[in-house]
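Colleague: can you look at this prediction? I've put the sequence above it.
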Number of protein chains: 2
Amino acid sequence: MNYISVIDILASDAIHQEFTVKGWVRSFRANQFIALNDGSTIKNIQCVVDYENMDDALLNRVNTGAAIVVTGVLEESQGAGQRVEIKVKSIEIEGDADPEDVKLTILSPKRHTLEKLREQAHLRVRTNTFGAIMRMRSKLSFAVHQYFNENGFFQAHTPMITGSDAEGAGEMFQVTGLDLNNPPKKEDGSIDYSQDFFGKETNLTVSGQLEAETYALGLGKVYTFGPTFRAENSNTSRHLAEFWMIEPEVAFYDLDANMDLAEDFIKYVIKYVLDNCQDDLEFLEKRLIDEDKKKPQAERATMALREKLEFVINNNFKRVSYTEAIAILRNSKPNKKKKFKYLIDEWGADLQSEHERYLVEKHFECPVILFDYPANIKAFYMRLNEDGKTVRAMDILFPGIGEIVGGSQREERLDVLKEKMAALDIPEEELWWYLDTRKFGTCIHSGFGLGFERLVLFATGMTNIRDVIPYPRFPGHAEF
Amino acid sequence: MNYISVIDILASDAIHQEFTVKGWVRSFRANQFIALNDGSTIKNIQCVVDYENMDDALLNRVNTGAAIVVTGVLEESQGAGQRVEIKVKSIEIEGDADPEDVKLTILSPKRHTLEKLREQAHLRVRTNTFGAIMRMRSKLSFAVHQYFNENGFFQAHTPMITGSDAEGAGEMFQVTGLDLNNPPKKEDGSIDYSQDFFGKETNLTVSGQLEAETYALGLGKVYTFGPTFRAENSNTSRHLAEFWMIEPEVAFYDLDANMDLAEDFIKYVIKYVLDNCQDDLEFLEKRLIDEDKKKPQAERATMALREKLEFVINNNFKRVSYTEAIAILRNSKPNKKKKFKYLIDEWGADLQSEHERYLVEKHFECPVILFDYPANIKAFYMRLNEDGKTVRAMDILFPGIGEIVGGSQREERLDVLKEKMAALDIPEEELWWYLDTRKFGTCIHSGFGLGFERLVLFATGMTNIRDVIPYPRFPGHAEF
């Protein structure tokens, strides 16, 4: 390549040598200082122009947003804020950015609201905030793959399009190849799906878990990391219709090993970004501190972003049984003073996010793993405990995020599994292949699901899930 | 963990020490030798039973397919075929496998056809062949992420659900949240998509390229790696309705840099599996040699699997313009003797796979990069050359696989892009955000798409794409 990236030139010691850099103008101050960014880092390279010896017409085109090619000599910088800078010899304009047009976009150099940035999601990655978020998202994603690769896991690419709707994790989108304005019909007037692309009704997956289980029972340790879908009309800052999920599944792991895995995994990926995203984290931390200044004292964060991440990797997650949690909640101040919207009265109640937040943010003040939930509020595939009323489920709750992980030891006993499916009217024919895994060398196994965007939210300190994925899909929104 | 994986114990030097291993019985010979596999490697650990001092009822349950826990002492093996073995102290059955039931499945110890294995895709990963394929698939996948991470790329998670159908890479599946047996209708009787989940008609993506371009023009170097969909009725061994695609996109790269990237990338991931999947490759290579023995001499492979992979990483891909390729094909023996189904007559013809195969397998005998195709057989976003009739497109053709990469330098000039869209009746409103990227600091940029399954086919030597993805989706098939 005949040019160098900004991240590399900022780290270079080749003073007095000539380089070419390519990027977009972030600002051009005093007709002299170009801040050039190419996305490789949040930092800009300062390019110093000798404007008296440069063509005015050319300099007039060095506007915020323009793509330019700068050739010059690397020098130690006299100014504050950077170690090195480029003394410009020549500038070439690759793509102009008309200031009048730029003014109408989020590329214009002023503060824009996150809502405004969302409307121009195709441009927001060029801002400091979204550049930082998306670089961190990518680094987190890589850390996920690296963790599992280092620990003997194989990635299982489970299908997006599924003919089964038995998993029951949520409402599904339908996938079809039919012409919906003129679909083939059966005699009773209903749609004849035997003529659809797959010869039956198909949906987008809500979880790759059941397929991942079949792979764990052959390869031992597997994980999925792919898109997942929910056709739920949830217009909240915590839900997306399309999101990325990580689902490890391990043969011979019981629930304790599963909790160990989840905790170790989360700490690894958080440590990875602390080690590999220092500049972006510094920027996002400062951003949060600025945001906090606008809030009343009581609502401000008690820890800075990196301090919060360090806290997670340096402290054990608190493991608490559902039964213990209910006792704590029942005796809590907000319960006694009837401040909870849903008062905790008796064992068996499903926990709401207000309860989870109380446990994590007020009572324990650290990540919490709740386990051994009542069977009747959890999915059919979770392993029934000897007490006959709880299952080996676990949820990991994070401050500010709520549930970040949901997992369980799976019911490996064919007879118990069949009973539970019968009780929930799940037809055995639908899951014959899943039941097969319990017939041929079934074994203890466990896994969990982690919503990747919630991890990105936590690591970046952002609060709206629509801001941590490039093009968010939610009710009424499938732009770009 | 209180047990050790098979891959680790096979590498262990802790002779005379006690270990516990957990896995599935592959075979139990002479009431004495258990071959135990846990998926961590294709190799089994041999567990030697002192059957005279073991409970007969227990040993009767050590059947092929059963999940067992073996505790014993690691010893150097006297037998051929393994360095170490476990002298068994105790066996615990986790999950039985009734031999009568197993007999009806592909787990039974005899040769099964690939077709039969496909019907039991939930069990096939427990066979040597599919264990090897899926471990290699996972390693290739990791190599993809590692290559891009090491080279300053960021992963962009582009959406699966799209409201645009302008990319034109193929037929799309529709995604809907409507009740299709009772959809809301407009006055003219057509379906009222304003009442659908996203407020409009939506489809599954055929490519993340356009979105990836928007990200490359902010972050510089990005890639996507995710599922992609085609609603095409292609019942071939080379097509899937759902497959995984890798799409890098780089700002400031021209077509030459793009070709360099593609070649370097492919060589890296192939080298990665040569270095990291030796046992699986050895097995798959032997499998191919056995398969070849059934074929007539002329149809046999000229190179063994690993030799073929070494050849790719040690030789330059041959770069040939479309115009040169046409000249070669026009003068070729099969063209003159009218052996091609589609005879090459004049410049402008679209190349069929018979032509691609001739160039790669007969003429050049190495991977080939074809570039500068006629504009009218390529997509609208490819950069028009100065000749006004060719575009800066490139395809990489591989022996036995055909097209493995399709890419181009993108049309960065707003006026030229608009003209091409108009000529193809692509409405500007549909792609306003894509056009925006050409308004604000547009620049030279390039990218390509690589069908991941074709890469897995090449690396494993398999020939049917349905055998290199866990649960293949194709017309009439969305099982599991």
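Modeller: That came through fine. Remember, predicted model here, so these are calculated numbers, not experimental data.

Colleague: near chain B, which residues of the stretch 251-400 of chain A are found?
Modeller: A:A251, A:F252, A:A257 (C-beta under 8 Å from any C-beta of the partner chain). Backbone N, C-alpha and C define where each C-beta goes, glycine included.

Colleague: surely the last one touches A:A251?
Modeller: Right, A:A257. No: with contact defined as C-beta atoms under 8 Å, A:A257 does not reach A:A251; the gap is 10.7 Å.

Colleague: looking only at neighbour counts, state which of the two leads.
Modeller: Between A:A257 and A:A251, counted using other C-beta atoms under 10 Å in any protein chain shown, the more crowded position is A:A251 (28 against 17).

Colleague: quickly list what the more buried one is bridged to.
Modeller: Note on A:A251: beta-bridge partners by DSSP bridges are A:H445.

Colleague: show me what contacts the residue nearest to A:G65 when sequence neighbours are not counted?
Modeller: Leaving aside its chain neighbours, A:G65 sits nearest to A:A97 (3.2 Å; criterion: C-beta to C-beta, 6 or more residues apart in numbering or on different chains). In this structure, A:A97 makes contact with A:V25, A:N63, A:T64, A:G65, A:A66, A:A67, A:L107, B:K439, B:F440, B:G441, judged by C-beta atoms under 8 Å, 6 or more residues apart in numbering or on different chains.

Colleague: show the pLDDT at A:E419.
Modeller: Turning to A:E419, the model gives it a pLDDT of 96.

Colleague: quick check: phi and psi on it?
Modeller: Geometry field for A:E419 lists phi and psi as phi -60, psi -40, criterion degrees, to the nearest 10.

Colleague: elements contacting the host helix or strand of A:P248?
Modeller: A:P248 is part of strand A:242-251, with elements assigned from DSSP states H and E. Helices and strands touching strand A:242-251, as assessed by 3 or more C-beta pairs under 8 Å, 6 or more residues apart in numbering or on different chains; DSSP states H and E, comprise helix A:209-219, strand A:221-229, helix A:255-276, strand A:445-451, helix A:452-460.

Colleague: which residues touch the third one?
Modeller: Applying C-beta under 8 Å, 6+ apart, the set of residues contacting helix A:255-276 from outside is A:136, A:139-140, A:142-144, A:146-147, A:248, A:250, A:253, A:281, A:306, A:309-310, A:312-313, A:316-317, A:319, A:367, A:369, A:371, A:383, A:392, A:394, A:396, A:404-405, A:407-409, A:446-448, A:450, A:455, A:458-459, B:1.

Colleague: need the contact list for A:T228.
Modeller: With contact set as C-beta under 8 Å, 6+ apart, A:T228 has these partners: A:T205, A:V206, A:S207, A:G208, A:E242, A:F243, A:W244, A:M245.

Colleague: Three-state assignment for the second one, please.
Modeller: Recorded secondary structure, A:V206: coil (DSSP: H, G, I helix; E, B strand; the rest coil).

Colleague: tell me how many other residues surround it.
Modeller: Counted with other C-beta under 10 Å, residues neighbouring A:V206 total 21.

Colleague: can you pull out the low-pLDDT segments for chain A?
Modeller: A:1, A:166-169 (pLDDT under 70).

Colleague: mind doing that once more with 90?
Modeller: Low-confidence regions of chain A, defined by pLDDT under 90, span residues A:1-2, A:78-81, A:109-110, A:164-170, A:298-299, A:301-302, A:400-401.

Colleague: pop the domain breakdown of it in here.
Modeller: Annotated domains of chain A cover A:6-110, A:128-171+A:206-317+A:366-467 [automatic domain parsing].

Colleague: so can I have a markdown table of these showing distance to B:L424?
Modeller: Converted to a markdown table, the domains of chain A look like this (distance: least, C-beta to C-beta, whole Å):
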| stretch | distance to B:L424 |
| --- | --- |
| domain A:6-110 | 23 |
| domain A:128-171+A:206-317+A:366-467 | 28 |
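
Colleague: buried deepest among those, which one?
Modeller: Of all those, domain A:128-171+A:206-317+A:366-467 carries the top mean neighbour count, a mean of 20, counting by mean count of other C-beta atoms under 10 Å in any protein chain shown.

Colleague: can you map out the strands along the stretch 251-400 of chain A?
Modeller: Counting by DSSP state E, counting those that start in this stretch, residue ranges of the strands within the stretch 251-400 of chain A are A:318-321, A:368-374, A:390-398.

Colleague: out of the ones you listed, flag the one nearest A:N233.
Modeller: Of all the strands of the stretch 251-400 of chain A, it is strand A:390-398 that lies closest to A:N233, at 23.5 Å by C-beta to C-beta.

Colleague: next one: the closest one to chain centre, how far?
Modeller: The gap between where strand A:390-398 is centred and where its chain is centred comes out at 20 Å by C-alpha atoms, centre = their mean, to the nearest Å.

Colleague: again, but for stretch A:195-205
Modeller: When C-alpha coordinates are averaged (C-alpha atoms, centre = their mean), stretch A:195-205 and its chain have centres 29 Å apart.

Colleague: name the residues of it that are buried.
Modeller: When neighbours are counted by 16 or more other C-beta atoms under 10 Å in any protein chain shown, the buried residues of stretch A:195-205 are found to be A:D196, A:F197, A:F198, A:E201, A:T202, A:N203, A:L204, A:T205.

Colleague: which of the residues you listed fall in helices?
Modeller: In helices, defined here by DSSP state H, there are no members of the buried residues of stretch A:195-205.

Colleague: of the residues you listed, which are in range of chain B?
Modeller: With the criterion set as C-beta under 8 Å from any C-beta, the members of those near chain B are A:F197, A:F198, A:T202, A:L204.

Colleague: from the residues you listed, which two are the most distant?
Modeller: Within those, A:F197 and A:L204 form the most distant pair, 13.8 Å apart (C-beta to C-beta).

Colleague: tell me who's in contact with A:F225.
Modeller: Counting by C-beta under 8 Å, 6+ apart, A:F225 has contacts A:S141, A:V144, A:H145, A:Q155, A:W244, A:M245, A:I246, A:E247, A:F452.

Colleague: tell me what angle the host helix or strand of the second one forms with helix A:452-460.
Modeller: Put plainly, it is A:V144. When elements are defined using DSSP H and E, A:V144 is found to belong to helix A:128-150. Helix A:128-150 runs at 120 degrees relative to helix A:452-460, counting by axes from the mean of the first three to the mean of the last three C-alpha atoms, to 10 degrees.

Colleague: hmm, helix A:128-150 in reach of chain B?
Modeller: Yes: using C-beta under 8 Å from any C-beta, helix A:128-150 comes into contact with chain B via A:F130, A:G131, A:M134, A:R135, A:R137, A:S138, A:K139, A:S141, A:F142, A:H145, A:Q146, A:N149.

Colleague: test my guess that the fifth one contacts A:V456.
Modeller: Yes: counting by C-beta under 8 Å, a contact exists between A:R137 and A:V456, whose distance comes to 5.0 Å.

Colleague: quick one: common contacting residues for the two?
Modeller: A:V468, A:I469.

Colleague: kindly reformat the contacts of A:A97 as CSV containing secondary structure and distance to A:G170.
Modeller: Conversion of the contacts of A:A97 to CSV gives the following (DSSP: H, G, I helix; E, B strand; the rest coil; distance: C-beta to C-beta, whole Å):
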residue, secondary structure, distance to A:G170
A:V25, strand, 45
A:N63, coil, 47
A:T64, coil, 43
A:G65, coil, 41
A:A66, coil, 45
A:A67, strand, 43
A:L107, coil, 37
B:K439, coil, 40
B:F440, coil, 39
B:G441, coil, 41
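
Colleague: just flag the most distant two among these.
Modeller: Within the contacts of A:A97, A:V25 and B:K439 form the most distant pair, 14.7 Å apart (C-beta to C-beta).

Colleague: so what's the residue nearest the centre of chain A up against?
Modeller: Per C-alpha atoms, centre = their mean, the C-alpha nearest to the average position across chain A is that of A:E453, at 1.8 Å. Residues counted as contacts of A:E453 (C-beta under 8 Å, 6+ apart) are A:L240, A:F243, A:W244, A:I465, A:V468, A:I469.

Colleague: from those, which two are the most distant?
Modeller: Within the contacts of A:E453, A:W244 and A:I465 form the most distant pair, 11.2 Å apart (C-beta to C-beta).
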